[in-house]
Structures are given as C-alpha cells and as structure tokens.
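Enquirer: quick one: sequence plus predicted model below, questions after.
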Amino acid sequence: MLYDIRQITTYSYAGQVRAAKQVLRMSPVDRKGHQHVIAHVLDIDPIPSEIERGRDFFGNGVAWLVVDAPHDQLTISTRSRVDVTVSPLPDPEATPVVELVRATAVASMDLGPASPVHGLFASRSVPLDPAITEWTASSCAGDQPILVAAMDVMRRVHTDFTYDPDATSVSTLPSESFAARHGVCQDFAHVMIAGLRGLGLPARYVSGYLRTVPPAGQPRLEGADATHAWVEVWCGEEVGWIGLDPTNAIAACEDHVILAVGRDYADVSPVDGVVVSSGDQVLAVGVDVVPVERPQADAPAS
C-alpha cells in the first residue's frame, strides 16, 4: 500500500508560553521488509529558533527543537508518503516454542537496537506485575509455539478489555488498566507487554498510524484515521519481531504504519519536552491516512 499521511497536532495553552524545548518523534521510519518513507515534511508554528534532526538508539526519527517566541498555541504538522509492504505472517505453529525463545533471549549477547534483550525487562511505563504475569501464563505453556501463545494473549486482551478513552491517561500504569479492564490502545499494548515480559518473553511497543475504513456506502471523513499503538513479540532468531495489535486482535498488516519502536510509550512519545508557562493545556490531533494509486509504468513504445 502507498499512503499519503497527514497529522496535525495542536497544543492550546491556558497561559502564554514564554519558551519551550520539545522532542518530536513524528517521522515514519524506513524498515526493511515493512515500509519505505518516500517523503516527509515537518512544519511547526511558531517557527523554532533551533531545530536539530537525528535518530535515537532504536533508529526512530527525532527532531529536537527550541521555540523562544511567546505563544499560546503550538501547531505541529507533518506530511509523509510511505510505501508499506508487509511480509506474510509465518505459520504460528512452525515458530519456536516458548521455552526455547525464553532461553535464547536470555542468552543473547547482542546489545544492538533489534536485540531481544531490550524487550525482556521492566521499563519506565511497564513495571512488571504478578497479576498480569499470572493472567498471561495460561496462554504461554513452555511447549507452545511462541506465535500461537502470543496471538492467544492478543485475543484475550481484545476480548477481556473494553475500549474506553475516558478511563485512562498517558500516565496510567498497566496494573491500573488491567485491574479496571478498560483503556485504549496504549493500555492494551502495555498490558500485553507486561504479561509477556513477566514470563521472560521479549516484547516491545510500537507507535504509528492505523488506516480506518468507513462503513460501506459512507464517505471517508477527514481526520478520522488514528494514531495507534501495538506490540511486537520476538519469535526467535530466524523469525524475529512480529507485530500484533491487541486492540483489534489482528497481526500488524498493511493498514499499520510504523512511527517509532521502543520499550514502552515513554520511548516513543510523539511529543515530549518542557514548556515555561502556567495553567492547563488542550491537545487536539487529526490524522489522515489516504491510500494513493501507484504510478503506472510507462507503456512500451510501439
């Protein structure tokens, strides 16, 4: 799938902001076997006095910026063209068993960005929780193929939890959303990650976009697509990381566009930083993920 993606993020502040330092992770990443970024444009209003671009440890695109002009609203606009090509899902029954994946991950000496070791331990937004570990364990017997086990956990999160945007915030811990059985995609991803890590199985957090399809006969609404979060589970050295979406109980597919990958939401937060101000702020986000027809190859000369 070829997509044109537009996101407009607006922060409206109750009081004037005298200065701000922000870290943005709003640039889709190139990823072999999944997606290629053809173009990306970032616009910020007010215009930053300083901006630096680079990549973090996990290879995510990052922009560090300073806005020193007084403002009561910050608007971040991104436009991207991304080519998404997802490899076929491996046969879940043919993946290594849970016990082998656990032993291989713990024994790994690789410390690179794609290493399973980064998905093994508690992290800032995903402390381990005995109740979540116990709940997850019934899906993950040692002789169960890892992808079969992980997909069962994914489906149980989807079935047992209620999507409720008013139940949690970005700071809600997995133990809280697990106890309430309510939350949003971030919470569902964190609960699944916490459960797998509690069993010694590597899992990491993915932020990105999800293309939504309107009901038959209904027009596509502008801004109706969504920022999204899902999970990647490490399925052994040959299979690698496989994306699973517990909010929708599906494997990550051509409707999923990756923005950033990390241990949890704290690693991939789209906007982070410090503002010098007082009072509350209101956040508004609009996303469009629009399929684009591929250019046709030139016809051969007659």
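Expert: Yep, it's here.
Enquirer: what stretches of the stretch 1-150 of the chain score poorly on pLDDT?
Expert: Within the stretch 1-150 of the chain, not a single segment meets pLDDT under 70.
Enquirer: can you give me the helices in it?
Expert: 98-107, 130-137, 146-160 (DSSP state H, counting those that start in this stretch).
Enquirer: for the stretch 201-302 of the chain, same thing?
Expert: Under DSSP H, counting those that start in this stretch, the stretch 201-302 of the chain gives helices at 265-268.
Enquirer: point out where it drops to low pLDDT.
Expert: 214-215, 218-224, 296-302.
Enquirer: for it, what spans make up the strands?
Expert: 203-210, 226-234, 241-245, 250-251, 256-262, 271-276, 281-291 (DSSP state E, counting those that start in this stretch).
Enquirer: can you add mean neighbour count and give the helices of the stretch 1-150 of the chain back as CSV?
Expert: For the C-beta atoms, the positions are set from N, CA and C on the backbone; glycine is no exception. As requested, those are exported to CSV (neighbours: other CB atoms under 10 Å):
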stretch, mean neighbour count
helix 98-107, 17
helix 130-137, 17
helix 146-160, 21
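Enquirer: any idea what residue 274 is bridged to?
Expert: For residue 274, the beta-bridge partners are residue 21 (DSSP bridges).
Enquirer: that older thread, ok, which of the helices of the stretch 1-150 of the chain comes nearest residue 197?
Expert: helix 130-137 (8.4 Å; CB to CB).
Enquirer: and that closest one, what other elements does it pack with?
Expert: helix 174-180, helix 185-198 (3 or more CB pairs under 8 Å, 6 or more residues apart in numbering; DSSP states H and E).
Enquirer: report the inter-axis angle for it versus helix 185-198.
Expert: Here the directions of helix 130-137 and helix 185-198 differ by 80 degrees (axes from the mean of the first three to the mean of the last three CA atoms, to 10 degrees).
Enquirer: CA atoms of helix 130-137 as PDB?
Expert: Provided in PDB are the C-alpha atoms of helix 130-137 (Å, rounded to 0.1, in the frame of the first residue of the first chain):
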ATOM      1  CA  PRO A 130       2.400 -10.500  39.300                       C
ATOM      2  CA  ALA A 131      -1.300 -10.400  38.500                       C
ATOM      3  CA  ILE A 132      -0.700  -9.700  34.800                       C
ATOM      4  CA  THR A 133       2.000 -12.300  34.600                       C
ATOM      5  CA  GLU A 134      -0.300 -14.900  36.100                       C
ATOM      6  CA  TRP A 135      -3.100 -14.000  33.700                       C
ATOM      7  CA  THR A 136      -0.800 -14.300  30.700                       C
ATOM      8  CA  ALA A 137       0.800 -17.600  31.800                       C
END
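Enquirer: other residues contacting that helix?
Expert: 153, 174-175, 178-179, 191-192, 194-196, 198-199 (CB atoms under 8 Å, 6 or more residues apart in numbering).
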